[in-house]
Structure formats: structure tokens, C-alpha cells
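>>> What shape does this take:
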Amino acid sequence: MHKIIFFFWYKIPRLIQIPFLPLSFIFFIIIYLRRFLLLYFFRRFTSKARVIIVGNLVVGGSGKTPFTIWLSEYLRSKDKKTTIISSGYGSTISSPVIIDSLSNPNEVGDEAVLLSNKTQSTVVSSSNRVKSTKFCEASEVDFIIHDDGLQHYSLNRQYEFIIENTNKRDNNFLLPCGPLREPKFFHKNADFILSNYTGSEHPGFYSRISSVSSAVDRTKYDLDDKKFSSCILITAIADDFSLVKELKEHDIELITYKYRDHYQFRESDIPKVDQPILVTEKDFVKIKPFCNENVYILEQNIVPNDKLLKLMEKLL
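Predicted structure coming up:
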């Protein structure tokens, strides 16, 4: 529902939104009282491991999951053992389960499967983050990384990394007049990290396509290969702006099919065409059961700037 509200208001002039400011004020009172009660009147769980929350304040995609993948591999390169907890968006799992190659993204969530495919960390999915954290404590780990979970105040955390998408910094209003779930001052000790960011003034990163691989045999190709001169792009992600922009930089004639974030694909959604069909790694985990020989996976890597790398040093 939040996403529908966000995209509805995104195109409307601020002048029209002014009459709805009282609703934003009421929303603020509700979330402030919720936060106050959870912080000061209910017991909060503290893990034996160090807990990292990777979250965002706005409705819609920010780059949390790609950053979580990068962070997990960064810590592993520093000889730190990590586990990752995913909320399992759209999943039917209530008790913690470990994600493996047989996990169904419709049951455990597409992001959980992607995290498992892209990292060497154990990935756990469930709707209860405290239960998942206790579950992970059965193994000796240095860090437990939560992909999302910023508003789960029943869980204590040592670090909060809030990802801000530079493509969506349009205003600082709370819902329903803007994209914010919470005001920034709720997280005074958090570190803010910019995604889709190529500058050097703030900690940030951007994603680049590293290769294209066949969904059938995983043969890797370069985007400049002539076979990709005309393609179909199918996405079900929150923000495909940067991805489309990068593909067009390779002079690819592109036809796009955009579905809502976390959309559960059906076989009929994949067109029967001779052109290559490009999909993201996140979408491939849902398309895999019925993909054809024309489907190619866009593999992306994060490029961190120096300030982000410096910020990560405090974890070591």
C-alpha cells in the first residue's frame, strides 16, 4: 500500500499535496508513539553477535540488497564470519529457515534466494527478525546482517547503514505527502550511504553490469557483442532507471517490460521472440523455472567510493 501511495504522489505538484499535510502529521504522531513504546516500554533483544541493519527510510527500492551482498563479501575478505537475515518479502515462512539451492523464492522471498546465490554467507529467512537472530546465534558468527529491518525496534543493533537512492531524493515529507516512512532524526547514530552515486563527497556506491550470462549454460558475454544490439529488458525491481541508462550507453535498442517490485512471474510473461531477453539476477530466481534459450542474466557488481571503504573500516 505504501508503494502505491508513493508512486501516486511522486508526479503530483507539491502545491496539491499541501492539504494533505495534516495526514502526514497524524502519521508522524503514530510512528513516533510506536517507536517510543518499543524503545522504552518493551524488552529489546540483544544478540551475542554484532548486529548490522541495512535499511532505508523511503518507500521503494534504494539498493539495500546489492549493498548487503557487497558488505557480506567485504567482511568475508577480512576473515569475518557473517550470516544474513532476510525478511522474506512475500514469503509464507514464519519460522527461520536456511536458504539453499532448492529454496522456492515464492515461499522464502526472491531477495533471500538472491542473497544466498551471490554470497558465501548463510542466509536465513523468516517474518520474525528476533527469532531469526536467535536462530543464527546457534553458530558462532562475528556479524549478523539484516537486509532491511530498520523499523524493527524490538531488536537492538550496533550499526545502522541507511541507503539513500540518489534517483529518489525529491522531498523530505512523510507519507502520504512524500516518500519517507520515518524522519531522519529517528536514526541520529546511523550512517547514511548514497546509492547510484558516482561522486566522492559522501560515502556511496553505484552498480555496473559486469557481464551477461546465458540462462541455459551460463556462458558469459560482453554487452558490446553484436547479438545484443536489439534486446528486450524484463524487470520487476523498484528502480530500473540506472540499469536502463547503462544499457542504452552500449547503444542497445531496448524494449522494456516493467512489472511491480517482487512481481511473481508467470510463464506467459516471457515473450516468444528471437531477440535476447535481458533480466536482472533478482528476477532470474523467479523466471528460472520456465526461462528459454533467449534469456540472458545481467550480472552486476557494486563499485564503492573511498569514503564508503573508510566507513567500513570501523567494523573491523
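
>>> And stretch 115-126, what's buried?
L115, S116, N117, K118, T119, S121, T122, V123, V124, S125, S126 (16 or more other CB atoms under 10 Å). Yep, even glycine has a C-beta here, placed from its N, CA and C like the rest.

>>> Actually, stretch 248-266.
By 16+ other CB under 10 Å, the buried positions in stretch 248-266 come out as I252, D261, H262, Y263, F265.

>>> next one: stretch 207-217
S207, I209, V212, S213, S214, A215.

>>> which residue packs closest to the last one, ignoring adjacent ones?
Nearest in space to A215, with sequence neighbours left out and distances taken as CB to CB, 6 or more residues apart in numbering, is V295 at 4.0 Å.

>>> quick check, I69 in a helix?
Yes. If the criterion is DSSP: H, G, I helix; E, B strand; the rest coil, then I69 is within a helix.

>>> My read is that it contacts T119, right?
Yes. Between I69 and T119 a contact is recorded at 5.6 Å, counting by CB atoms under 8 Å.

>>> any weak-confidence spans in the chain?
Scanning the chain for pLDDT under 70 picks out 1-20, 88-91, 168-170.

>>> where exactly do the helices run in it?
Ranges of helices in the chain, per DSSP state H, are 2-10, 14-17, 21-40, 64-77, 105-108, 110-118, 129-136, 241-249, 281-287, 306-312.

>>> Can I get the longest one in CSV, CA atoms only?
So that's helix 21-40. Coordinates of the C-alpha atoms in helix 21-40 are reproduced here as CSV (Å, rounded to 0.1, in the frame of the first residue of the first chain):
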residue,chain,number,x,y,z
LEU,A,21,0.0,17.8,5.3
PRO,A,22,-2.3,17.1,8.4
LEU,A,23,-2.3,13.4,7.4
SER,A,24,1.5,13.4,7.4
PHE,A,25,1.4,15.0,10.9
ILE,A,26,-1.0,12.3,12.1
PHE,A,27,1.2,9.6,10.5
PHE,A,28,4.2,11.2,12.4
ILE,A,29,2.4,11.0,15.7
ILE,A,30,1.5,7.3,15.2
ILE,A,31,5.1,6.2,14.2
TYR,A,32,6.6,8.4,17.0
LEU,A,33,4.4,6.7,19.7
ARG,A,34,5.2,3.3,18.2
ARG,A,35,8.9,3.9,18.4
PHE,A,36,8.7,5.4,21.9
LEU,A,37,6.8,2.4,23.2
LEU,A,38,9.0,-0.2,21.6
LEU,A,39,12.2,1.6,22.8
TYR,A,40,11.2,2.3,26.4
